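>>> how would this look folded up:
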Amino acid sequence: MNNGMTRLEKYADITVEIGLNLQKGQTLIIDAPIHASEFVQQVVKVAYDRGAKVVMVEYTDEQVLRTKYEKAPEEGLKYYPEWKAKGYEKMAEDGAALLQVFSPNPNLLKDVDPERVSMAQKAIAEALRPFKSYQISGRMNWCIAAVPSKEWAKQVFPDHSEEESMQMLWEQIFDVTRTNTEYPVQTWKDHVETMNRSVRFLNDHNFNKLHYRSKNGTRFSVELPPLHKWMCANFTSETGISYVPNIPTEEVFTVPKKGSVNGVIHSSMPLNYNGYFISGFSLTFEEGKVVDYSAEKGYEVLKSILETDEGAKYLGEIALVPHNSPISNSELVFYNTLYDENASCHVALGEGLPIALEDGPEMSREKLAEMELNESLIHVDFMIGTADLDIDGETASGEVVPIFRNGNWAF
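Numbering: from 1, shown residues only. Presented below is the predicted three-dimensional model:
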């Protein structure tokens, strides 16, 4: 990498080379908010320099989106153009890559009826299910990267001016994405190998059950499917392209066995869900299903998540993140799941990830259901890790092995 490059150029380079690993001749789809255009412009330059066939950029305007949620008739909220959904599916089928640029306004939907938002989000999820299947099954190379918005920056740094908070958030992003290192691309390759060492430890032990406990009241157990495999966010598409879908990433993850979660899970950080905040919440599980829940803030939004469909009441992912990691060590709450989930162990309500089952991407929906993988229109991560979290793994023979002690890897 040219050391004369600006940090924004280096960040774009990491996103395209490490995140997407864009190939010569590929089409790249970029989905981004309009205020992220400066970063998108850099990504487009890098993409064409790497031989992209065409880069297709779709910008969204958050204020237009809010107005839709407020004023559109219910018929409009439930509508998503079939031609557009088919177009995305066709591009994925033809081998396109996808970059989603995330730049949230945490208070965008404040005072907007969550039921109307849920209605619109459900319509989009249903229309784009075939396209999204390419992502969750790992059949296409894709990546999510974040850039600051003035509202997000002010949320993270409320005691500073708009200009100062933007500068401070950019600095944090450059730090946790390893952009500030001398050779960022090589640093990322070393980091991926470190995560893969943890993956190998977990897969070598082939645990069939995990037990969690922390002082905030979290105490639950979860079984793992016989064909589960642990992974880090270093995937290989069906065409053989190795990519990292989240920039940044610190997690090692797998899928739970549907119907196997029992106990109580307390959130350890606020959840920003489509511009709504949910905090101080807990979920009680019996035989895998949420049977009771509470929230200090955002109860109605949590209720709407759980009522999306039947699968929304079950877990679709469990992920391990050491407390001693860059985002956690920043001691910031980013109010952005892409970042906050990489500061903390987390779980996800909703859709299970076929990629975390042996031969899962090739299985039919019926076969995945036989493997007890959860199915849902949603996949919502929330953070449960704490500095005192202990996790034990239990093997089929009953051997119990420490995995986490006091929030960090125990091995």
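
>>> So what's the residue count around Glu358?
Other residues within reach of Glu358, judged by other Cβ atoms under 10 Å, total 12. For glycine as for every other residue, the C-beta is placed from the backbone atoms N, C-alpha and C.

>>> And for the residue nearest to it when sequence neighbours are not counted, the neighbour number?
Excluding its sequence neighbours, the residue lying closest to Glu358 (Cβ to Cβ, 6 or more residues apart in numbering) is Leu227, at 4.4 Å. Using other Cβ under 10 Å, Leu227 has 15 neighbouring residues.

>>> Domains in this structure, by residue range?
Domains of the chain are assigned by automatic domain parsing as 7-147, 206-233+241-409.

>>> Secondary structure of Leu368: a helix, I assume?
Yes - membership of Leu368 in a helix is supported by DSSP: H, G, I helix; E, B strand; the rest coil.

>>> for it, what are its contacts?
Shown in contact with Leu368 (Cβ atoms under 8 Å, 6 or more residues apart in numbering): 352, 354, 357, 360, 375.

>>> With Leu77 instead?
For Leu77, counting by Cβ under 8 Å, 6+ apart, the contacting residues are 68-69, 116, 119-120, 123.

>>> same deal with Cys143?
With contact set as Cβ under 8 Å, 6+ apart, Cys143 has these partners: 15, 19-20, 97-100, 243-247.

>>> repeat that with 10 Å
14-16, 18-22, 97-101, 233, 243-247, 249 (Cβ atoms under 10 Å, 6 or more residues apart in numbering).

>>> Phe131 too?
Neighbours of Phe131 in contact, by Cβ under 10 Å, 6+ apart: 29, 84-93, 96, 98, 140.

>>> could you redo the last one with a cut-off of 8 Å?
Phe131 neighbours (Cβ under 8 Å, 6+ apart): 85, 88-89, 92.

>>> In PyMOL, how would I select the buried members of those residues?
Selection of the buried residues among those in PyMOL, burial being defined by 16 or more other Cβ atoms under 10 Å:
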select buried, resi 85+88+89+92
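
>>> So which of the contacts of Phe131 are in helices?
Residues of these located in helices (DSSP state H): 85, 88-89, 92.

>>> Break down this protein into its helices, ranges please.
Shown for the chain, the helices assigned by DSSP H span residues 7-14, 37-49, 62-71, 74-77, 82-93, 114-127, 129-136, 150-156, 162-176, 184-205, 299-306, 326-329, 337-340, 365-370.

>>> how about the fourth one: buried residues?
Applying a neighbour-count criterion of 16+ other Cβ under 10 Å, one finds Leu77 buried in helix 74-77.

>>> Was I right to think Ile327 contacts Glu251?
No - using Cβ atoms under 8 Å, Ile327 is not in contact with Glu251; the gap is 10.7 Å.

>>> closest to Trp170 out of the domains of the chain?
Smallest distance to Trp170 across those (Cβ to Cβ): 8.1 Å, for domain 7-147.

>>> For Gly259, give me its contacts.
Taking Cβ under 8 Å, 6+ apart as the criterion, Gly259 is in contact with 287-289, 314, 372.

>>> Among the contacts of Leu77, the buried ones, what's the PyMOL command?
Those of the contacts of Leu77 that count as buried under 16+ other Cβ under 10 Å are selected in PyMOL with:
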select buried, resi 69+116+119+120+123
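
>>> Going by distance to Pro148, which of the contacts of Leu77 wins?
Closest approach to Pro148 among the contacts of Leu77 (Cβ to Cβ): Tyr69, at 23.2 Å.

>>> wouldn't that closest one be in contact with Lys110 here?
No - judged on Cβ under 8 Å, Tyr69 makes no contact with Lys110 at a distance of 11.5 Å.

>>> Show me what Ser294 is bridged to.
Using DSSP bridges, the bridge partners assigned to Ser294 are Ser282.

>>> contacting residues for the one residue sitting closest to the centre of the chain?
With distances taken as Cα atoms, centre = their mean, Leu338 lies nearest the centre of the chain, 5.4 Å away. With contact set as Cβ under 8 Å, 6+ apart, Leu338 has these partners: 102, 144, 146, 246, 248.

>>> Pro184 now?
Applying Cβ under 8 Å, 6+ apart, the residues near Pro184 are 1, 10, 13-14, 177-178.
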